[in-house]
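1. Sequence and predicted structure below; questions after.
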Amino acid sequence: MCSPTDVFTFIIWTTDSTWRAPGTRTARAPSVADVAGYKPNVDVKNYAAHVAVSDETIREAMADPGTTYYPKRRGIDFYHRYKEDLALFAEMGFTMLRVSIAWTRIYPTGEETAPNEKGLRFCEDLFTEMRCLGIESLVTLSHYEMPLSLAMKYNGWADRRAAECSPGFAATALSAAGSW
């Protein structure tokens, strides 16, 4: 039981995700979220139809530059505006931000032997800015954005070879995050 002298710490925080916040595929390769389509004529209870994907639907999605049927392509353009957004978060009193590091920003296809330096630089700049503003980071490594190339080549998580690609991303992200 708590006594009146117990001290409580409240963390005021918000969250983002790699496919909602960036809004564009700037400095990252396509992920499965980029081809997840909005299907207005499919019954919302028909989960199988909503998540059904084929090589043809992926080609159609990649050929369609719009956001009407691919709403996960829209976002707040955090990649270009993160300094402004973080300043607003700090002004609102947020002390923590959960951020997702896009797998496709660090390893665009998921199978590279070396990380994308531009992607690492963005993460470093982001975390440096957060520290300057007194905002702690709570990092998510994967938030529904497997590299599309892995999903197409290995049928996503159904093939162990795709899963074997993720430890390299995790090790790189965690190692780099420790230095940020």
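-> That came through fine. Just so we're clear, the structure is a prediction, and the values are computed from it rather than from any experiment.
2. How far does the longest helix seen in the chain sit from its chain's centre?
-> If you go by DSSP state H, the chain has its longest helix at helix 117-132. Its chain's C-alpha centre and that of helix 117-132 lie 15 Å apart, by CA atoms, centre = their mean, to the nearest Å.
3. In it, which residues have enough neighbours to count as buried?
-> Using 16 or more other CB atoms under 10 Å as the test for burial, helix 117-132 gives 119, 120, 122, 123, 126, 127, 129, 130. For every residue, glycine as well, the C-beta is placed using N, CA and C.
4. Please apply the same query to stretch 33-50.
-> For stretch 33-50, by 16+ other CB under 10 Å, it's 33, 34, 35, 36, 37.
5. Which ones among these map onto strands?
-> Using DSSP state E, no member of those falls in strands.
6. farthest pair in the buried residues of helix 117-132?
-> Farthest pair in the buried residues of helix 117-132 (CB to CB) is 119 and 130. Separation: 16.8 Å.
7. lowest-pLDDT helix or strand in the protein?
-> Using mean pLDDT, DSSP states H and E, the weakest-scoring helix or strand in the chain turns out to be strand 13-15, at a mean of 59.
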